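1. Give me a 3D structure for the following:
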Amino acid sequence: MTNISVLDPGASPLNYYGYELRRLREAAGLSLRQFGEVLSYTGSLVGQIETAKKVPTQEFSERVDAALGTDGLFTRLLTLVMRSQLPAWFQQVAELEARAIEIRSFQTHMVLGLLQTPTYAREVLGAIDRTDLDERTAARLARQRVLEKDEPPIFWAVLSECALRLDIGGRETMRGQLAHLLTFKENPRINIQVLPYEAGPHAGLTGSFDLYSFTSDPTIIYTESYGSGYPTVNPAAVKDCSLRYDHLRAAALSIRDSAALIRHVMEDRYGKQVA
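-> Numbering: from 1, shown residues only. Okay, here's the model as predicted:
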């Protein structure tokens, strides 16, 4: 186990979290066992987090803030910790999501990360590699907090009908995922449209892409291939992708009709009816 006395708080957000946790716990005069009892966790778990051997959770962070009276410090730090757990090439995406005032996304074959349920995300991330799956799933789900901010971005998602029908994780997982999409139908800041198979050839045939708009910075286009991402602010590319996105939204079903199709697929293909 790493010696906490030489843990470098500047090495990573996870190290900083652990360093501050130990510093403030000791300042409160609590042993690992005592602090664990206060939090309703084991002292061993607290020690693993203090030595940057384990990633803290939202619940753990909230309990630490309450126990130490740190006014949300560890809950805020958790955002940085979770972002640092993403693949290096993807961390920039999380930063774009956090800063954007509008996000427009087109997905060809699966529900995008900001709208994934925990079980769906776990199946997507574990399709090939199941190492550190709990931590990687938690890091992906942590990105969704951008939609819960006091002023969240306006979010447009155009999903190919394939994303509704590609069975990821089995019937129960897909029922839960499609039901989750329906929970946003009354939220004017989160808009989901489905591009039906009947649309035929469309402006997104070259693949998925995202557009991030900001208060003062130029719009950024983001595309990715296996293991790498490609952001660009090239004006010509932004203009082209913005036009493509407008055409995709025009070809997609309305928000109301999209919700009806999502419900139909959920009930017909995955066999569960919701109110």
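2. What is the neighbour count of residue 271?
-> The number of residues packed near residue 271 is 11, by other Cβ atoms under 10 Å. Backbone N, C-alpha and C define where each C-beta goes, glycine included.
3. typed the wrong thing, it's residue 123
-> Neighbours of residue 123 (other Cβ under 10 Å): 21.
4. so which strand or helix has it?
-> In this structure, residue 123 sits in helix 118-125 according to DSSP states H and E.
5. Please spell out which residues along that helix are buried.
-> 119, 120, 121, 122, 123, 124, 125 (16 or more other Cβ atoms under 10 Å).
6. Residues in contact with the helix or strand immediately after that helix in the chain: which ones?
-> The helix or strand immediately downstream of helix 118-125 is helix 133-142, counting by DSSP H and E. Contact with helix 133-142 is made by 55, 57-58, 78-79, 82-83, 85-86, 113, 116, 118, 121-122, 125-126, as judged by Cβ atoms under 8 Å, 6 or more residues apart in numbering.
7. and which of the residues you listed is nearest to residue 7?
-> residue 55 (15.0 Å; Cβ to Cβ).
8. residue with max distance from the center of the chain?
-> In the chain, counting by Cα atoms, centre = their mean, residue 29 sits farthest out from the average C-alpha position, at 36.6 Å.
9. the helices in the stretch 101-250 of the chain, which residues?
-> Applying DSSP state H, counting those that start in this stretch to the stretch 101-250 of the chain gives helices spanning 118-125, 133-142, 161-165, 171-182, 235-251.
10. Tell me which of the ones you listed sits nearest to residue 45.
-> Taking Cβ to Cβ as the criterion, residue 45 comes closest to helix 133-142 out of the helices of the stretch 101-250 of the chain, the separation being 13.4 Å.
11. what angle do the closest one and helix 118-125 make?
-> Here helix 133-142 runs at an angle of 110 degrees relative to helix 118-125 (axes from the mean of the first three to the mean of the last three Cα atoms, to 10 degrees).
12. Pull out the buried residues from helix 133-142.
-> Quick answer for helix 133-142 (16+ other Cβ under 10 Å): 136, 137, 138, 139, 140, 141, 142.
13. Do you know the pLDDT at the residue farthest from the centre of the chain?
-> If you check residue 29, the pLDDT there is 94.
14. next one: residue 226
-> 68.
15. Show me what the helix-or-strand element of the chain with minimal mean pLDDT packs onto, helices and strands only.
-> The weakest-scoring helix or strand in the chain, judged by mean pLDDT, DSSP states H and E, is strand 228-232 (a mean of 79). Packing partners of strand 228-232 (3 or more Cβ pairs under 8 Å, 6 or more residues apart in numbering; DSSP states H and E): helix 91-99, strand 220-225.
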